[in-house]
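>>> give the three-dimensional model of this entry:
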Amino acid sequence: MEYVPKVVFIDEPFKIDDLPLKDIYVLDNWLCSELQQHYDKQLRHTNFWSKTNEVRNSNSTTGLPHHSFWGASLFRENYKVDSDVNPLDAKFTKYLNRRLQTEFGFKWVRFQYAGLNSQTQGLHGTTHADCAEEDEWNLSFLYYPNTFWNPKWGGALRIYDSPQQGLDGRDDHIKNHQVAEIEFKPNRLIMFDGRIPHGADAPHPSARYMDRRSLVLRGDEVRLTDTEENYDANDRLSYL
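I've put the predicted structure just below:
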């Protein structure tokens, strides 16, 4: 990675005028309190979570996964809701997907994935990229729906200048290749070029079994738009 991306904090969404994104954009308090609490409650009380979010490497001598934590796949390329998810449980996420496109001025050309991650203590995420190197016009979003988080519980998102296989040597990789660190904070939205290697820390043991939840929305290609969709971002019921 020749250019080292900066972490840029923004006060409100902006219309993207060029891609690929060079920097990583962080927007706090993206949703109003009512919508954030609604989404957080929905995620805590639905049963679509399963211990299926694994990263494996065929070269592993043990055959064990590099990381494994709770996840939920909501919808993929064709926006069809995954078979083990109630369509009503995915409806609010589809609203957020549409809202992102409206507020940042783009449309998905090759949408890839919408899903959820849940990490508790000990469940570090491996370093990875979201899309292939040739996909320059990609976008990745992370949203943190938790309504409460003690900063002492950690859970930072780490940005690297190179990928790494597995968790072995993780401390050395952080020391030698980390270029930025973004705190896990409730109601925080992050937008970045999905080719940038990144990985999320597990919560500190002091968090007990509080889970670090994140929504992932990403696509391999987008096109920029000049006009907004017929949708009012302030209409709190427009997803229904």
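>>> ok, and the closest non-adjacent residue to the residue positioned nearest the centre of the chain?
What sits nearest the mean C-alpha location of the chain, by CA atoms, centre = their mean, is residue 142, with 2.6 Å. Of all residues not flanking residue 142 in the chain, residue 190 sits nearest, at 4.4 Å (CB to CB, 6 or more residues apart in numbering). (Glycine included, C-beta is placed from N, CA and C.)
>>> I'd say that neighbour and residue 159 touch.
No - counting by CB atoms under 8 Å, residue 190 sits too far from residue 159 to count as a contact (10.0 Å).
>>> which residues touch residue 187?
Going by CB atoms under 8 Å, 6 or more residues apart in numbering, residue 187 touches 28, 29, 30, 31, 36, 144, 145, 147.
>>> in space, what's closest to the second one - neighbours in sequence excluded?
If the residues on either side of it in the chain are set aside, residue 29 comes closest to residue 187, at 5.3 Å by CB to CB, 6+ apart.
>>> same question for the third one.
Among residues not flanking residue 30 along the chain, residue 189 sits closest, at 4.1 Å (CB to CB, 6+ apart).
>>> where do the helices sit along this structure?
Ranges of helices in the chain, per DSSP state H, are 33-45, 87-104, 170-177.
>>> how far away is residue 159 from residue 127?
10 Å (CB to CB, to the nearest Å).
>>> compare these two (neighbour count), which wins?
Shown here are residue 159 and residue 127; by other CB atoms under 10 Å, residue 127 has more neighbours (26 against 23).
>>> the more buried one reaches residue 161, doesn't it?
No - contact status for residue 127 versus residue 161: not in contact, 10.5 Å apart, counting by CB under 8 Å.
>>> list residues touching both of those two?
Joint contacts of residue 127 and residue 161 (CB under 8 Å, 6+ apart) are residue 197.
>>> for this structure, what are the low-confidence residue spans?
1, 51-69, 165-169, 227-240 (pLDDT under 70).
>>> kindly recompute the last result at 90.
For the chain, the stretches with pLDDT under 90 are 1-3, 43-73, 77-89, 118-129, 161-177, 209, 226-240.
>>> before we move on, back to that, joint contacts of residue 159 and residue 127?
197, 198.
>>> which one is residue 153 nearest to, not counting chain neighbours?
residue 207 (3.8 Å).
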